[in-house]
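Q: Sequence first, then the predicted structure, then my questions.
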Amino acid sequence: MKTINYDAYVNSLKRWYKHGEEIKKKIPRYKRAYYRLLKEQFDNWKIRNLDNTDKPKTKGDDIHELFTDQIKWLDEIGYKNVDLFIKYHLWCIIGGQK
């Protein structure tokens, strides 16, 4: 989910990537091979979403849209009482009644 403020959005992307880098310290040595597999995917995520933030997205990319747009979409397709219930960096819970 993209936040309204562009700088806050980019900072959230950076924070998420940094978190991925920091968890390695908590993984037992015997499980580090699993981390390497995840790390490769996470590095690709960084290239698509952080390094190329301003470039058009393509199929398979994470497409973060403004939560205000997502609320509007639900409203447009007939949901009632649509609201943003929780928002935390790149994640949010939006819902309504159909």
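A: All right, it came through fine.
Q: Pretty sure residue 54 sits in a helix.
A: No - read with DSSP: H, G, I helix; E, B strand; the rest coil, residue 54 is coil and lies in no helix.
Q: Could you report the neighbour count for it?
A: 7 (other CB atoms under 10 Å). The way it works is simple: take the backbone N, C-alpha and C, and place the C-beta from them, glycine included.
Q: do you know how far it is from residue 26?
A: 33 Å (CB to CB, to the nearest Å).
Q: can you check residue 5 too?
A: For residue 5 relative to residue 26 (CB to CB), the value is 31 Å.
Q: cool, and residue 87?
A: Applying CB to CB to residue 87 and residue 26 gives a distance of 26 Å.
Q: Neighbour count for the two, which is higher?
A: residue 87 (13 against 7).
Q: And that one, its phi and psi?
A: phi -140, psi 130 (degrees, to the nearest 10).
Q: Once you drop chain neighbours, what's closest to it?
A: residue 67 (6.5 Å; CB to CB, 6 or more residues apart in numbering).
Q: Show me the helices in this protein, by range?
A: 6-22, 32-46, 67-76 (DSSP state H).
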